[in-house]
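Colleague: Sequence unavailable; structure follows:
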């Protein structure tokens, strides 16, 4: 039986595999929130999902990081074409050189995020228009400081709880 408290570096499994930025530029120096969108091959759902991420009523700076795990084509994927259709400066489109698996793709999003807060919007999900503004409002009202004995570099400043779709800042910064 596996020890559930075992500390394991899953990031090292795909460390040598690059995620290339194929569309977008880092238009803001310090985004407050990163929406991570791991995608594979759901273009019909992804179009609606991306639209919901772009059309947030949040007035602060945020970035949308799309990480495409589809290594089955050398040219643009259907997901890349959808990103290019929207032409949103908030969107950064990365494509993995090799498929790193679902969890690896989720982790890669954390590695690419530049904001102190992160949340996920998968390619078959949608965010309510007020999702980011509401989450940022909640985090300002709640002073939450979490301390862990074993923190790795990628964990510092960012925790995500998918069951509640909550993201926390563990540095205590707003």
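Modeller: Yes, it's here. Model, not experiment: these values are computed from the prediction. Numbering: from 1, shown residues only.
Colleague: Quick check: buried residues in whichever strand or helix holds residue 138?
Modeller: Residue 138 belongs to helix 131-141 when assigned by DSSP states H and E. Buried residues in helix 131-141, defined by neighbour count with 16 or more other CB atoms under 10 Å: 131, 132, 133, 135, 136, 139. Heads up, the C-betas are built off the backbone N, CA and C, glycines and all.
Colleague: Against residue 57, how distant is the second one?
Modeller: With the distance defined as CB to CB, to the nearest Å, residue 132 ends up 8 Å from residue 57.
Colleague: okay, the buried residues of helix 131-141 in CSV with pLDDT and distance to residue 37 next?
Modeller: Output for the buried residues of helix 131-141, formatted as CSV (pLDDT from 0 to 100; distance: CB to CB, whole Å):
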residue, pLDDT, distance to residue 37
131, 93, 13
132, 93, 13
133, 92, 18
135, 87, 16
136, 87, 18
139, 79, 21
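Colleague: nearest to residue 32, of these?
Modeller: residue 136 (6.9 Å; CB to CB).
Colleague: Just list the residues touching the closest one, thanks.
Modeller: Contact analysis of residue 136 by CB atoms under 8 Å, 6 or more residues apart in numbering lists 32, 33, 58, 60, 117.
Colleague: Of those, keep whichever come out buried.
Modeller: Looks like those have 32, 33, 58, 117 buried, using 16+ other CB under 10 Å.
Colleague: List the beta-bridge partners for the last one.
Modeller: Beta-bridge pairing of residue 117 under DSSP bridges involves residue 33.
Colleague: So residue 54 sits against residue 66, correct?
Modeller: No. Judged on CB atoms under 8 Å, residue 54 makes no contact with residue 66 at a distance of 10.9 Å.
Colleague: Comparing those two, which residue is more hemmed in?
Modeller: residue 66 (29 against 17; other CB atoms under 10 Å).
Colleague: Against which helices or strands is the helix or strand containing that one packed?
Modeller: Per DSSP H and E, residue 66 falls inside strand 62-68. In terms of contacts (3 or more CB pairs under 8 Å, 6 or more residues apart in numbering; DSSP states H and E), strand 62-68 is packed against strand 33-39, helix 43-54, helix 78-86, strand 91-96, helix 101-112.
Colleague: where does this protein have low pLDDT?
Modeller: 142-174 (pLDDT under 70).
Colleague: Ramachandran angles for residue 21?
Modeller: Main-chain dihedrals, residue 21, degrees, to the nearest 10: phi -80, psi 110.
Colleague: who's in contact with the nearest residue to it once chain neighbours are set aside?
Modeller: Sequence neighbours aside, residue 94 is the residue nearest to residue 21 in space, at 5.5 Å (criterion: CB to CB, 6 or more residues apart in numbering). The contact partners of residue 94, by CB under 8 Å, 6+ apart, come to 19, 20, 21, 22, 65, 66, 67, 68, 108, 112.
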